[in-house]
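> okay, predicted coordinates and the sequence, questions at the end:
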Amino acid sequence: MAVGQQGEFVAVVNDTDPASGGKAYSLKISGNNHAQLLGKKIGDTVDGIFVGEGEQTLSGYKLQITGGSDKTGTPLRRDLDGGSRQAVLVTQSTGFKGHKLVFKTKGGEKKRFRYKPDGLRKRRNFRGNTINQDTRQINLKVIDSGNKSLADILAPGSEEASD
């Protein structure tokens, strides 16, 4: 769960470039950039200039919103409209793994088993697909890269240390 102040998001940017090894970077979004993302939905593309603060903005990048969570850790779900919390009966999918953990003692040690019974459904809380004031974390993936790599933009301390 991402912890933040009111009027602030934590953006988790996933670098889809195979050369980078699929790293993810965490950035803060606040101020005017925070207001630019309100009302966006999962699947929308945003300009990288709105992600990050100061020199760590991702200008030249295009990012797609892939998910997120609210202040309590409740995940956003693509197929629910709006930004309110809803209790949904779900099978194995986003937000529900679809198995039961059972602990058995065997030979003096406790072992964990996962059972996946057919038709297992649970009622889980989800948040709609729209980003609002209650959202605290936004997951993003890179669609179009800028001139500099994400590692160069988000780790300027390593360049200064080598000089």
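Right, received. Where do you want to start?

> right, and residue 44 touches residue 65 too?
Yes - look at residue 44 against residue 65 with C-beta atoms under 8 Å: they come within range, at 5.4 Å. For glycine as for every other residue, the C-beta is placed from the backbone atoms N, C-alpha and C.

> the more surrounded of these two?
Remark: of residue 44 and residue 65, residue 65 carries more neighbours, 22 against 14, as counted by other C-beta atoms under 10 Å.

> wait, is that one part of a strand?
Yes - counting by DSSP: H, G, I helix; E, B strand; the rest coil, residue 65 is found in a strand.

> for it, give me its contacts.
By C-beta atoms under 8 Å, 6 or more residues apart in numbering, the contact list for residue 65 reads 40-46, 131, 138-140.

> and which of those is nearest to residue 59?
Nearest to residue 59 among the contacts of residue 65 is residue 46, at 12.3 Å by C-beta to C-beta.

> excluding its backbone neighbours, what's nearest that closest one?
Distances taken as C-beta to C-beta, 6 or more residues apart in numbering put residue 63 closest to residue 46, at 5.3 Å, once the chain neighbours are dropped.

> quick one: the one you found from residue 127, how far?
20 Å (C-beta to C-beta, to the nearest Å).

> then residue 145?
Distance, residue 145 to residue 127, using C-beta to C-beta: 30 Å.

> more neighbours: these two, which one.
Just comparing residue 145 and residue 127: by other C-beta under 10 Å the higher neighbour count belongs to residue 127, 25 against 16.
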